[in-house]
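Trainee: with the input below, show me the fold.
(one chain, ligands or ions: 1)
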Amino acid sequence: MSSTKAKKQSYQLLRGMKDILPEEERYWRFLSERVVDFARRFGYSRIETPVLEQASLYLRSSGPSSDVVTKEMYVFTDPGNERVALRPEGTPGVVRAYIEHGLLNQPQPVKFFYMGPMFRHDRPQAGRFRQHTQFGFEVIGDQSPILDAQLIMMGYRFYKDINLAIQIDVNSIGCSVCRPRYVKKLTQFLTDNKKSLGLDDQERLKKNPLRVLDSKDPNLEPVLQQAPQSVDFLCDECKDHFVLVLEYLDELDVTYNLNPRIVRGLDYYSKTTWEIIETARTGGQDSLGGGGRYDELLHTLGARAKTPAVGFACGVERTITRLRANDIAVPTLPKAGLYIAQLGKEAKKKALRLFTLLDSEGYHVAENLSKDGLKTQLESADRLGVKYALIIGQQEIVDNTVLIRDMENGNQETVDWAKIVPEIGKRLEKGVNSKRLERQQPPLLPVQPQ
Ligand code: HAM
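Mentor: Got it, this is the predicted structure:
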């Protein structure tokens, strides 16, 4: 062998990225089915926007002082010399699509949901990935506080239904009319306490003092507990809005905590903000989901009319991690009810035909067509727990038949090829796992041409 042979390179997952292996599939399937079901029940239509957008979209929306944009966004110049970014979050793309496709002309509000990958060049640590998946719900075109309450309730119900104990922390950060007065007061307070602020928080104080309230620095905790609270500075409109949100939540029996520190890490929020936190893990832990109102974002991104909006999004990986950590059972994937086994060259061809025939009739069929030994195939059938094995050997080829073997009691019966479909139909009538599940792809939102 040549000593100059190039050394084989081995490839590894990029830091902060995650492979989703088949053993996790049922969690993903479970959650995405729940999301689609929720969306249908509450009247939301699916929207999917591209993973790649103009970088300036996020600069203008998520905000030039947010960590997401300043430190975490994957930005690059594409071969066409355009500055593009991998989306760090879903909301700006949905808003862009709403404006660009003139959805303002549809009956308002328009309710969207989405589920897809987001990219943040975060410092890798537990619960933080550089590619993560969010499902989100956005309502655009209505300012009523009842929508904020309904969305909070949806997040609450979603996690309650999947048996994760969560709490909702709510706050109001006011609007562009009343927030400046609050930010001034907060800046004064934090400046007076500057010696307690670490370097990161001193930087935040310069760029966006609200974000200091989000600090995870335990030494700052006693100081922040004394900080002025945004709810004490709300204008009448924001105050009335917040009171109504809380009244609706009481009506809906949603338990919530008023938390003056929920200011959120993105710049577009106004009025109501909230986070969904696992009850067992409160206190500086990453939240499962979060959201809020963003009444001014559409105008910032070019909508002509005033277009209020509200929404929230949750992290799928974090949710799955918590489901697993709490040993919460999720349904197993549907299993095949039939197994096709074959022996011999001609039988292999016929088995291929039988598989196609039964699959097109809607049966969920397992096989191992690349294998030769009948014993190995029947052992696989046994392991899979199928009800019947359909065997094609030399004799069956000659007679144009199929041997049906009941895997529970070992009884076997020979059936004419022409009668195999009705025969299977009779046997699996009462059986579970016989027909495969329809793969339900929710239709995409029909976008109206302008
Ligand atoms: P966000 O709070 O930045 O909000 O992200 C929503 C959720 O995504 C978080 O609560 C968390 O579960 C998950 N998440 C965020 N970053 C990571 C990460 N690096 N690794 C794993 N999971 C992560 C938003 O993105 C807003 N767009 C939500 C929204 C919708 N507001 C209004 N409408």
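
Trainee: OK, contacts around the closest residue to residue 168 other than its chain neighbours?
Mentor: In space, residue 168 comes closest to residue 256 once its chain neighbours are excluded; the distance is 4.3 Å by CB to CB, 6 or more residues apart in numbering. Heads up, the C-betas are built off the backbone N, CA and C, glycines and all. By CB atoms under 8 Å, 6 or more residues apart in numbering, the contact list for residue 256 reads 152, 167-170, 246, 249, 274.

Trainee: and these near the ligand, which?
Mentor: Applying CB under 6 Å from any ligand atom to the contacts of residue 256, one finds that nothing falls near the ligand.

Trainee: counting neighbours, which of these comes out on top?
Mentor: With neighbours set by other CB atoms under 10 Å, the maximum within the contacts of residue 256 is found at residue 274, which has 29 neighbours.

Trainee: from residue 148, how far out is residue 111?
Mentor: Note on residue 111: its distance to residue 148, by CB to CB, to the nearest Å, is 13 Å.

Trainee: ok, the two, which is more surrounded?
Mentor: Shown here are residue 111 and residue 148; by other CB under 10 Å, residue 148 has more neighbours (30 against 22).

Trainee: show the pLDDT at that one.
Mentor: At residue 148, the model reports a pLDDT of 98.

Trainee: again, but for residue 216
Mentor: You'll see residue 216 listed with a pLDDT of 85.

Trainee: burial count for it?
Mentor: Burial of residue 216 is recorded as 12 neighbouring residues (other CB under 10 Å).

Trainee: and residue 180, by the same measure?
Mentor: The number of residues near residue 180, taken as other CB under 10 Å, comes to 12.

Trainee: what pLDDT, on average, does the helix or strand containing it get?
Mentor: Under the criterion DSSP states H and E, the helix or strand holding residue 180 is helix 179-192. Mean pLDDT, taken over the full extent of helix 179-192, equals 97.

Trainee: quick check: buried residues in that helix?
Mentor: 179, 182-183, 185-186, 189-190 (16 or more other CB atoms under 10 Å).

Trainee: list of residues touching that helix?
Mentor: Under the contact criterion CB under 8 Å, 6+ apart, helix 179-192 has outside partners 173-174, 197, 205, 209-210, 212-213, 226-228, 230, 232-233, 270.

Trainee: what's in contact with the next helix-or-strand element following it?
Mentor: Sequence-wise, the next helix or strand beyond helix 179-192 is helix 199-207, with elements assigned using DSSP H and E. Among residues not part of helix 199-207, those counted as contacts by CB under 8 Å, 6+ apart are 65, 187, 190-191, 194, 197, 211-212, 215, 217, 220.

Trainee: what about the nearest residue to residue 229 once chain neighbours are set aside, how many neighbours?
Mentor: With CB to CB, 6+ apart as the measure, residue 260 is the residue that lies nearest to residue 229, at 3.9 Å, once sequence neighbours are left out. The local packing of residue 260 (other CB under 10 Å) involves 19 other residues.

Trainee: now do residue 159
Mentor: The local packing of residue 159 (other CB under 10 Å) involves 23 other residues.

Trainee: thought it was touching residue 276?
Mentor: Yes. In this structure, residue 159 sits in contact with residue 276. The criterion is CB atoms under 8 Å, and the distance is 6.4 Å.

Trainee: tell me the residues that contact both of these two, please.
Mentor: 166, 288.

Trainee: using just helix, strand and coil, how would you label the closest residue to residue 193 other than its chain neighbours?
Mentor: Nearest-residue entry for residue 193: residue 223, 4.9 Å, with adjacent residues in sequence omitted and distances by CB to CB, 6+ apart. Three-state secondary structure (criterion: DSSP: H, G, I helix; E, B strand; the rest coil) places residue 223 in helix.

Trainee: just residue 275 next, same as before
Mentor: Look at residue 275: counting by three-state DSSP, its state is strand.

Trainee: quick check: it vs residue 128, distance?
Mentor: Per CB to CB, residue 275 is found 16 Å from residue 128.

Trainee: any stretches of this structure with poor pLDDT?
Mentor: Counting by pLDDT under 70, the low-confidence segments of the chain come to 1-6, 281-285, 429-450.

Trainee: and it, which of its residues are near the ligand?
Mentor: For the chain, the residues in contact with the ligand under the definition CB under 6 Å from any ligand atom are 89-91, 120, 122, 127-129, 132, 134, 136, 138, 265-266, 287-292, 311-315, 317-318.

Trainee: those residues, buried ones only, as a ChimeraX selection?
Mentor: The following ChimeraX selection, which keeps only the buried ones among these, applies the criterion 16+ other CB under 10 Å:
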select :89,90,91,120,122,127,128,129,132,134,136,138,265,266,287,288,289,290,291,292,311,312,313,314,315,317,318
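
Trainee: from the residues of the chain next to the ligand, which land in strands?
Mentor: Filtering the residues of the chain next to the ligand for membership in strands, criterion DSSP state E, returns 132, 134, 136, 138, 289-292, 311-315.

Trainee: mind listing which of the contacts of residue 256 are in helices?
Mentor: By the criterion of DSSP state H, membership of the contacts of residue 256 in helices covers 152, 246, 249.

Trainee: name the nearest residue to residue 290, sequence neighbours excluded.
Mentor: residue 275 (4.2 Å).

Trainee: which residues of the stretch 251-400 of the chain fall in strands?
Mentor: 256-258, 270-278, 289-293, 309-315, 338-342, 365-367, 388-392 (DSSP state E, counting those that start in this stretch).
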